[in-house]
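> below: sequence and its predicted model.
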Amino acid sequence: MNITQLVTNIHPEVINWRRELHKKPELSYNEFNTANYVADLLTQFSAYEISRPTPNSVVARLIGNKPGNVLALRADMDALPLTELNECDYKSQHNGVMHACGHDGHSASLLGVAKILSQHKDELAGEVRLIFQHAEETPPGGAKELVDLGVLENVDMIIGIHLWSTMPIGKVGVIGGAMMAAPDVFNLEIKGKGGHGGFPHQAIDTITIGAQVVTNLQQIVARQINPLEPVVISVTKFISGTTHNILPHTAEIAGTVRTFDNKVRHTIPELMERIIRGITSAHGADYAFNYTYGYDPVVNNHEVANFVEEVVVDTLGSGWVDKMAPNMAGEDFSAYLAKVPGCFIFVGAGNEEKGIIHPHHHPRFNIDEDALAVSMKIFLGAVAKYLGGNKCA
């Protein structure tokens, strides 16, 4: 395969697919029309064994004429509950829902790979398994569900790509070992005693108690965890009160905890509740605390990471590789990595010259669509290398 020429030829079509998906985003667990759109295109390619493990996911198997490795490639398909502020002809048509994390690009680029490979089936020794996954954004996540349904049966290796807007086009982030954090969430309700704002001594003020809880939770990171262990505790929601002269009866607090080490991860809920219990008790309040574990951390297989780095160098050049540092975002790709060796990488999709500067989950998020071609080249390079007999895992 002349990968560069094949990708150049199909790139405009892939952009059109991405924009169609962008116009019609669907939230996690509701990607039925998106999955149908993907399945219809794959059917047109006339080379795949297509299955629907769930009504909102698609798996396509391309089995070569000779035995060999089984390589899985994954794209996610869900969008976010966000109103798009971009002004473009492919702006979201679904009010309050937006592809603000690049999953439309993930699906489109994997469709491009599918179409190219469908025309080169006879050159493959082994199997390419394409996984179009639902519900990456919302735990428990689509990845674990698909793994439990057996989509990785007989798979030797899996690779996933995330378009990354805060990384410039022209870079590919590859790292062996820990790459992304475990994203847990918590909810807290502080129960006090409502009253008149002019008579605070007759009430139990949930706002001042909640404020102390928020600030003291940071003492866990600063004073109770080894400073060499990365931990983030972020309070992202604090709702209480209705007007100027009423001390509210309750306060609602929520947030997220990010860790890499499982031992540290499982100490956090107890440390949080100890602080919450102490502060609320000291002021005569009560509380309800709920901590929910999210995805496991994304930990890449070192050998597969080395393999992918070689693919990037072979297909794009050595200047493209960015030995990135781990980050505190989360991803349910970890469910696949718990089952088979694999690697999750970032493809730079930001471009200041084009005004593509906004981070993921921002209402003006966008990608440089040249990154779709980069993703396709990496996937196709991996197929050519791995199904050519260079098994590394």
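Nice, I can see it.

> can you list the weak-confidence ranges in this protein?
Within the chain, the segments meeting pLDDT under 70 span 389-393.

> so which residue is dead centre in it?
Note on the chain: the residue nearest the mean C-alpha position is residue 331, at 4.0 Å, using C-alpha atoms, centre = their mean.

> before we move on, what SS does residue 104 have?
With DSSP: H, G, I helix; E, B strand; the rest coil as the basis, residue 104 sits in helix.

> the one 5 residues further on now?
The local conformation at residue 109, judged by three-state DSSP, is helix.

> quick check: closest non-adjacent residue to it.
Nearest non-adjacent residue to residue 109, counting by C-beta to C-beta, 6 or more residues apart in numbering: residue 375, 4.0 Å away. Heads up, the C-betas are built off the backbone N, CA and C, glycines and all.

> make sure that neighbour is actually in contact with residue 345.
No: if you go by C-beta atoms under 8 Å, residue 375 and residue 345 don't touch, sitting 9.4 Å apart.

> what sits in contact with each of those two?
Any residue near both residue 375 and residue 345 by C-beta atoms under 8 Å, 6 or more residues apart in numbering counts here, and that gives residue 161.

> and the gap between the residue nearest to the centre of the chain and residue 48?
In this view, residue 331 and residue 48 are 26 Å apart by C-beta to C-beta, to the nearest Å.

> residue 4 too?
24 Å.

> so for the two, which residue has more residues nearby?
Per other C-beta atoms under 10 Å, whichever of residue 4 and residue 48 has more neighbours is residue 48, with 23 against 13.

> enumerate every residue touching that one.
By C-beta under 8 Å, 6+ apart, the contact set of residue 48 is 42, 60-62, 114, 118, 130.

> find the nearest non-adjacent residue to it, please.
Spatial nearest neighbour of residue 48, excluding adjacent residues (C-beta to C-beta, 6+ apart): residue 60 at 4.1 Å.

> got it, and residue 146?
Sequence neighbours aside, residue 53 is the residue nearest to residue 146 in space, at 5.5 Å (criterion: C-beta to C-beta, 6+ apart).

> confirm that the one you found sits in a strand.
No: under three-state DSSP, residue 53 sits outside any strand and is assigned coil.

> tell me the contacts of it?
If a contact means C-beta under 8 Å, 6+ apart, then residue 53 has 59, 145-146, 149-151 as its contacts.

> I'd like the residues you listed as TSV, with distance to residue 366, secondary structure and neighbour count appended.
Below are these laid out as TSV (distance: C-beta to C-beta, whole Å; DSSP: H, G, I helix; E, B strand; the rest coil; neighbours: other C-beta atoms under 10 Å):
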residue	distance to residue 366	secondary structure	neighbour count
59	29	strand	24
145	30	helix	19
146	28	helix	24
149	33	coil	14
150	36	coil	10
151	31	coil	23
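
> and residue 277, how far from residue 286?
As for residue 277, its distance to residue 286 is 10 Å (criterion: C-beta to C-beta).

> list the contacts for residue 96?
Contacts for residue 96 (C-beta under 8 Å, 6+ apart) come out as 81-83.

> go with 10 Å
With contact taken as C-beta atoms under 10 Å, 6 or more residues apart in numbering, residue 96 is in contact with 25, 27, 80-84.

> hmm, back to that, the residue nearest to the centre of the chain contacts residue 180, doesn't it?
Yes: the pair residue 331 / residue 180 is scored as a contact, 5.1 Å apart, by C-beta atoms under 10 Å.

> which neighbours do the two have in common?
Residues touching both residue 331 and residue 180 (C-beta under 10 Å, 6+ apart) are 162, 295-298, 344.

> and of these, the nearest to residue 322?
Distance to residue 322, by C-beta to C-beta, is smallest for residue 162 among those, at 13.3 Å.

> wasn't that closest one part of a helix?
No: applying three-state DSSP, one finds residue 162 to be strand, outside a helix.

> neighbours around it, how many?
By the criterion of other C-beta under 10 Å, residue 162 has 26 neighbours.

> got the contact list for the spatially closest residue to residue 369 that is not a sequence neighbour?
Sequence neighbours aside, residue 15 is the residue nearest to residue 369 in space, at 5.1 Å (criterion: C-beta to C-beta, 6+ apart). Going by C-beta under 10 Å, 6+ apart, residue 15 touches 90, 105, 108-109, 112, 369-370, 372-373.

> with neighbour count and distance to residue 20 as new columns, can those be given to me in a markdown table?
Output for these, formatted as a markdown table (neighbours: other C-beta atoms under 10 Å; distance: C-beta to C-beta, whole Å):
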| residue | neighbour count | distance to residue 20 |
| --- | --- | --- |
| 90 | 18 | 8 |
| 105 | 30 | 12 |
| 108 | 27 | 8 |
| 109 | 33 | 14 |
| 112 | 26 | 13 |
| 369 | 22 | 13 |
| 370 | 15 | 18 |
| 372 | 29 | 13 |
| 373 | 20 | 18 |
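
> closest to residue 379 among those residues?
Proximity of the contacts of residue 15 to residue 379 (C-beta to C-beta) peaks at residue 109, which lies at 7.3 Å.

> rewinding a little: between residue 375 and residue 345, which one's more packed in?
residue 375 (28 against 25).

> for residue 153, see how far away that one is.
Residue 375 is 25 Å from residue 153, where distance means C-beta to C-beta.
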